[in-house]
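[1] model this:
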Amino acid sequence: MSKADKRNKFLAVFERIREELIDHMKSEKMPEDAVTWFNESLMYNVPGGKLNRGISVVDTVAILLSRPLTDDEYFKAALLGWCIELLQAFFLVSDDMMDGSISRRGQPCWYRVHDVKGLGKVHNIAINDSFMLEGAIYHLLKTHFRRESYYVDLLELFQEVTYKTEMGQLVDLITAPEDNIDIRKYNLDKHTFIVRYKTAYYSFYLSVALAMRMCGVPEVYELNGKTIEPYKEADRILIPMGEFFQVQDDYLDYHGTEEEIGKIGTDIIDGKCSWCVCTALTYGTEAQKQLLYENYGKKGADQAVREQAVKDMYNDEQGLNIPGRYEEYQKKAVTEINAMIDQLPEPGAHEVVKGDRLRRDAFRAFLSKITDRKA
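    Predicted structure coming up:
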């Protein structure tokens, strides 16, 4: 199946889910304008991204089972995938408000939409809209998984990962408060903590862990005389992979165009604790650091000039050369993650058939999706 066909099949499940959520709103006797608003929020915020997180649940279930999925298996795996996409939408809608972002996925951020089907502008209503996107997750889980033995495991996964992501967001926000940015507090260790909690758990670990629960992978099993704790193994591999993904995001925010990445990069103007600035502060000269202190995160009439000054310093091949450092980082990260994957004990052919054992291919598939990405 081509990438486009795989995406379209996955999107077809969203349409079914959207209709189900709208029907539920109607069954709650919600006014017609509220139903219309919620429908627009779903359509605007949920299906527009790359969908890698959601589709990875389906891919991982298929890898663990080592066979094509039945229609029911596909729907359940895809539904779990869409629950991650709803979680992503919840995070992005609220994050864009906190950051005062301008665009997302090539269109205005939801809170900046001026009119929703003649019902008025979004503005602060986006706060409640984000809550409803999150609430939809638990409604869908209850409707479709309540009778499954792993239902509580699914609930705990979503709740724990959401909490971890919010912990990372807190550290990010207080490290770089919009009204009092002090980049002297930035360093690569703090950046690693933020991205592991804010991004890696929900963007990488969650997809694989949900698939593992659906396939009945236990907490512990024996393999070739060794005790395997598969969820700890998944954490060991996927959290560094998520860190790598966020470093890519940080790099693309400064180096990618709006056409390439679907948004206007604002990390420099916003004073974000990005891998790029942390790397510059770690390896830069005193003069280069001084340029950052004077221009990074400085908003105002001349912010575009200040932003360009930082970019020029990043781009200097004889100086900081952030593109060159990023290329080195990427090669090293991919090599190290592949080595982690190779350390995972692989089940034999008779054990693969059951689908309840962790396999290296689940991680290789995820890594292949993000290596050398441009958006």
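
[2] Ala309 contacts Leu291, correct?
    Yes - using CB atoms under 8 Å, Ala309 is in contact with Leu291, at 6.6 Å. In short, each C-beta sits where N, CA and C put it, glycine included.

[3] now the helices for the stretch 1-150 of the chain?
    Counting by DSSP state H, counting those that start in this stretch, the stretch 1-150 of the chain has helices at residues 3-27, 32-45, 52-65, 71-99, 125-145.

[4] Kindly state which of these is positioned closest to Val171.
    helix 71-99 (13.2 Å; CB to CB).

[5] That closest one packs against which elements?
    helix 3-27, helix 32-45, helix 52-65, helix 125-145, helix 151-175, helix 206-214 (3 or more CB pairs under 8 Å, 6 or more residues apart in numbering; DSSP states H and E).

[6] so the third one versus helix 206-214, what angle?
    Put plainly, it is helix 52-65. Put simply, helix 52-65 runs at 40 degrees to helix 206-214, going by axes from the mean of the first three to the mean of the last three CA atoms, to 10 degrees.

[7] For Asp316, find the nearest of the helices and strands packed on helix 71-99.
    helix 151-175 (26.3 Å).

[8] Low-confidence stretches in the chain?
    349-353, 374-375 (pLDDT under 70).

[9] Could you pull out the strands in the stretch 201-350 of the chain for me?
    221-223, 226-228 (DSSP state E, counting those that start in this stretch).

[10] what about Thr114, neighbour count?
    Small correction: residue 114 is His, not Thr. Here the number of neighbours of His114 (other CB atoms under 10 Å) works out to 9.

[11] residues in contact with it?
    Contacts for His114 (CB atoms under 8 Å, 6 or more residues apart in numbering) come out as Lys121.

[12] Would you check how far apart it and Lys121 are?
    Distance, His114 to Lys121, by CB to CB, to the nearest Å: 5 Å.

[13] now Phe193
    Taking CB to CB, one finds Phe193 at 37 Å from Lys121.

[14] Please identify which of those two sits among more neighbours.
    Phe193 (17 against 13).

[15] isn't the more buried one right up against Gly168?
    Yes - contact criterion CB under 8 Å: Phe193 and Gly168 qualify, at 7.5 Å.

[16] Pull out the buried positions in stretch 162-175.
    Across stretch 162-175, burial judged by 16 or more other CB atoms under 10 Å covers Thr162, Lys164, Thr165, Gly168, Gln169, Asp172, Leu173, Thr175.

[17] Backbone dihedrals for the closest residue to Leu11 other than its chain neighbours, please?
    Residue nearest to Leu11 in three dimensions, not counting chain neighbours: Pro47, with 6.1 Å by CB to CB, 6 or more residues apart in numbering. With angles defined as degrees, to the nearest 10, Pro47 sits at phi -90, psi 10.

[18] can you pull the contacts of Pro47?
    Going by CB under 8 Å, 6+ apart, Pro47 touches Leu11, Phe14, Glu85.

[19] By neighbours, which of these wins?
    Per-residue neighbour counts (other CB under 10 Å) across those peak at Glu85, which has 25 neighbours.

[20] and the nearest residue to that residue once chain neighbours are set aside, how far is that from Ala301?
    Excluding the flanking residues, the one nearest Glu85 by CB to CB, 6+ apart is Gly54, at 4.5 Å. Look at Gly54 and Ala301: by CB to CB, they are 42 Å apart.

[21] who's more crowded, the two?
    Higher neighbour count among Gly54 and Ala301: Gly54, with 30 against 6, using other CB under 10 Å.

[22] Is that one in contact with Ala77, as I believe?
    No - look at Gly54 against Ala77 with CB under 8 Å: they stay out of range, at 9.4 Å.

[23] show me the contacts for Val61.
    So Val61 contacts Leu69, Glu73, Ala77, Ala211, Met214, Cys215 (CB under 8 Å, 6+ apart).

[24] Look up how far Leu51 lies from the fifth one.
    The reference is to Met214. From Met214 to Leu51 the distance is 18 Å (CB to CB).

[25] These two: who's more crowded?
    Legend: neighbour count by other CB under 10 Å for Met214 and Leu51, higher for Met214 (23 against 20).

[26] How much space separates the more buried one from His139?
    Met214 is 19 Å from His139, by CB to CB.

[27] The strands of the stretch 201-350 of the chain into TSV, with extra columns for distance to Ile63?
    Converted to TSV, those look like this (distance: least, CB to CB, whole Å):
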stretch	distance to Ile63
strand 221-223	17
strand 226-228	17
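
[28] which one of the ones you listed lies closest to Asn315?
    Nearest to Asn315, of all the strands of the stretch 201-350 of the chain, is strand 226-228, at 46.0 Å by CB to CB.

[29] Tell me how far that closest one lies from the chain's centre.
    Centroid displacement of strand 226-228 relative to its chain, using CA atoms, centre = their mean, to the nearest Å, is 30 Å.

[30] ok, that strand: who's next to it in the sheet?
    Note on strand 226-228: by DSSP bridges, its sheet partners are strand 221-223 (antiparallel).

[31] So what touches the strand it pairs with?
    Where contact means CB under 8 Å, 6+ apart, the residues beyond strand 221-223 that reach it are Thr227, Ile228, Pro230, Pro345, Pro347, Glu351, Asp356, Arg357.

[32] Swap in 10 Å and give it another go.
    Strand 221-223 has contacts (CB atoms under 10 Å, 6 or more residues apart in numbering) with 227-230, 344-348, 351, 356-358.
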